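Engineer: Fold the following and give me the result.
(one chain, ligands or ions: 1)
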Amino acid sequence: MRQLEGLAPRLAAFDRLCHDARGPVGIAISGGSDSLALLFIAHEWARSRGRKLAALTFDHRLRTAAAGEAARVATICRDLHIPHQTLRWDDPVNRQSSARRARHAALALALKAQGGTHLLTGHTANDQAETFLIRARQGSGWYGLAGMQALSMSPVWPEGEGVRIARPVLSENREDLRSLLHARGQVWIEDPSNENLAYERVRMRRLLAGSPETAARVRRCMAELAGLRAIEDRRLGRWLCDHVVISEDEGGIETDLGGLSMDTAVRGLGLLIQAVTGRETPPRRENLVSLAARLMADTVFAGATLGGAKLVRKQGRVHLMPEAGRDGPETLTARRIDSLRSLYAASA
Ligand SMILES: Nc1ncnc2c1ncn2[C@@H]1O[C@H](COP(=O)(O)OP(=O)(O)OP(=O)(O)O)[C@@H](O)[C@H]1O
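Structural biologist: Okay, here's the model as predicted:
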């Protein structure tokens, strides 16, 4: 195999992110340049570490060319002796958000069926910078502006339960990954939607490509924010371990917010509401802020509902449970809290 430049630090990123992975390590591969480069690096890593890989492609069936593209990916994987599976969406609806959810769910289920726990994606530093601009324009807070994390939980419940998303090329530039493919004479698939200016991500990509100074400033800012976020995550990790208890009888959680700053309490409450309800995102920040303010005040708190969760205060402690009448997957609450603890504690 032709030498992959700068291989050692790249493999070290895989080691760091996948040290506790069980079963085959999944690779989410669309055939675009980022995930294709990821595949080649992963192949080297798996070979040198004696690990098994499972490549997975999701065919959204939103474009006629997609089936052929998945077949091309299958051929590349076959040549590398990496098992590959194409998953097809039975129910395509032309809406980006549900397509994304369907993809995450199908990939997670396919990986779990093979006994895997970690799914690699090809997110890059370019994706990070685009995400920063998109989130800044939406009014995101500092924590969100720090961008995607190298290791996170699958964003979908219940399908993604127990699956980690690992992003080993998150600090790499797309151009460097493309050079790697050029060096191997490997052609990648260009998704035509990457040129569609109706998408904000495409517009931000253009903006960054046209202004290297802006791109450099965004990256510097994100690096600072990532440092702050690591401190915040350690704090959240300690709180989840020491102050959050599962109350088996109610399918809920008991906690106290004592000692947390308002900013951290807002984030912590968001996580707990997600854990009891299975929501993919926390409730709106302003609602969480007003809830946290009421819970932290000494005045009487008669109870509240937010984002599908019910909150009451008993003897100074806060109890969260799924809102009555909802048939949410509350039995998963304990497992979600465990996942959160191990994820946030790992950032310590
Ligand atoms: N059709 C697909 N099949 C398998 N994996 C995919 C597919 N599309 C994207 N991916 C994976 O997701 C990564 C990010 O892709 P992209 O930026 O297009 O998706 P995204 O919707 O922003 O992802 P996410 O929602 O997970 O942040 C790719 O590098 C690849 O690993």
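Engineer: So which residues on the protein come close to the ligand?
Structural biologist: 28-30, 34-35, 56-58, 100, 103, 121-123, 127 (C-beta under 6 Å from any ligand atom). Where C-beta positions appear, they are placed from N, C-alpha and C, glycine not excepted.
Engineer: Show the buried residues in those.
Structural biologist: Buried members of those, counted by 16 or more other C-beta atoms under 10 Å: 28-30, 34-35, 56-58, 103, 121-123, 127.
Engineer: I would like the residues contacting stretch 278-294, please.
Structural biologist: By C-beta atoms under 8 Å, 6 or more residues apart in numbering, the surrounding residues in contact with stretch 278-294 are 101, 141, 155-158, 257, 262, 265-267, 269-271, 273-274, 301, 304, 306-308, 311, 328-329, 332, 336.
Engineer: Now that stretch: buried residues?
Structural biologist: For stretch 278-294, a neighbour-count test (16+ other C-beta under 10 Å) marks 278-279, 282-283, 285, 287-288, 291-292 as buried.
Engineer: What ranges does the stretch 201-348 of the chain have for its helices?
Structural biologist: Per DSSP state H, counting those that start in this stretch, the stretch 201-348 of the chain carries helices over the ranges 212-243, 262-277, 285-296, 333-346.
Engineer: and the residue of the stretch 201-348 of the chain found nearest the ligand, how far is that from Leu120?
Structural biologist: Among the residues of the stretch 201-348 of the chain, Arg201 lies nearest to the ligand; the distance is 7.4 Å by C-beta to the nearest ligand atom. Distance, Arg201 to Leu120, by C-beta to C-beta, to the nearest Å: 21 Å.
Engineer: More neighbours: the two, which one.
Structural biologist: For Arg201 versus Leu120, neighbours defined as other C-beta atoms under 10 Å are more numerous around Leu120 (29 against 16).
Engineer: Read off the pLDDT value for the residue lying closest to the more buried one once chain neighbours are set aside.
Structural biologist: Distances taken as C-beta to C-beta, 6 or more residues apart in numbering place Ile27 nearest to Leu120, at 4.8 Å, with adjacent residues excluded. At Ile27, the model reports a pLDDT of 98.
Engineer: where along the stretch 51-200 of the chain do the strands fall?
Structural biologist: Counting by DSSP state E, counting those that start in this stretch, the stretch 51-200 of the chain has these strands, from start to end: 53-59, 84-88, 118-120, 151-153, 164-166.
Engineer: From the contact counts, what lies against the last one?
Structural biologist: Strand 164-166 sits against strand 118-120, strand 151-153, with contacts defined as 3 or more C-beta pairs under 8 Å, 6 or more residues apart in numbering; DSSP states H and E.
Engineer: tell me, which of those is the model least confident about?
Structural biologist: Among the helices and strands packed on strand 164-166, strand 151-153 carries the lowest mean pLDDT, at a mean of 94.
Engineer: Buried residues of that strand, list them for me.
Structural biologist: Neighbour count says strand 151-153 has 151, 153 buried, by 16+ other C-beta under 10 Å.
Engineer: re earlier: out of the strands of the stretch 51-200 of the chain, which comes closest to Arg135?
Structural biologist: strand 151-153 (15.4 Å; C-beta to C-beta).
Engineer: I would like the residues contacting the closest one, please.
Structural biologist: Applying C-beta under 8 Å, 6+ apart, the contact partners of strand 151-153 are 17, 160, 163-167, 339-340, 343, 346.
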